[in-house]
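Trainee: after the sequence you'll find the predicted model.
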Amino acid sequence: HPEDATAWLGAARVAAARADFATARSSIDRALGVRPDDPMLWYERGGLALTRNEPEAAAADLARAITLDPFDPEFRQRQALALALLGRVAEARAEADAAERLRVERAEIEAIRDGLVTAPDDPALQLRAARWLLDHGRDEEGLRWTRKILSARPSHA
């Protein structure tokens, strides 16, 4: 299935587990040929570069992943490692701090989600969910929650 980026990613992971880094890189590149805007593929490519002791290539790939998805704490943490290996200590610290902040924010949305499981019609929780989603670049989902609140309670502030 040459047009299946997930299959290429799987092949890359198998090759990397076997320490066949050339095949792993080639497979990830094939996946990127299918889905060039998939941040997970860039993250995996950066991780492979780190495994190969190529922190400069890793930093570039991880920067691309972060550009595509700036809210994933694992992307930031791996970027912190690449930058630290390059001796860019201040930038590494900033990325590590961003990763920690994002972990806290992820815990916040998980708490909101858990609250909505037990109280799905709670407008305060719905509003918290909408705000969190809008603040994290998930505009479609955030607007869906906003519309849901307003359709149930048209006078909601």
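Mentor: It's in.
Trainee: isn't residue 56 right up against residue 86?
Mentor: Yes. Judged on Cβ atoms under 8 Å, residue 56 makes contact with residue 86 at a distance of 6.4 Å. Using the backbone N, CA and C atoms, a C-beta is placed for each residue, glycine as well.
Trainee: the more surrounded of those two?
Mentor: With neighbours defined as other Cβ atoms under 10 Å, residue 56 and residue 86 compare such that residue 86 has more, 14 against 11.
Trainee: what pLDDT does that one get?
Mentor: With respect to pLDDT, residue 86 has a value of 98.
Trainee: and the gap between residue 99 and residue 66?
Mentor: Distance, residue 99 to residue 66, using Cβ to Cβ, to the nearest Å: 10 Å.
Trainee: for the helix or strand that contains residue 129, which positions count as buried?
Mentor: Per DSSP states H and E: residue 129 is located in helix 123-135. Neighbour counts over helix 123-135 (16 or more other Cβ atoms under 10 Å) mark 123, 125, 126, 127, 128, 129, 130, 132, 133, 134 as buried.
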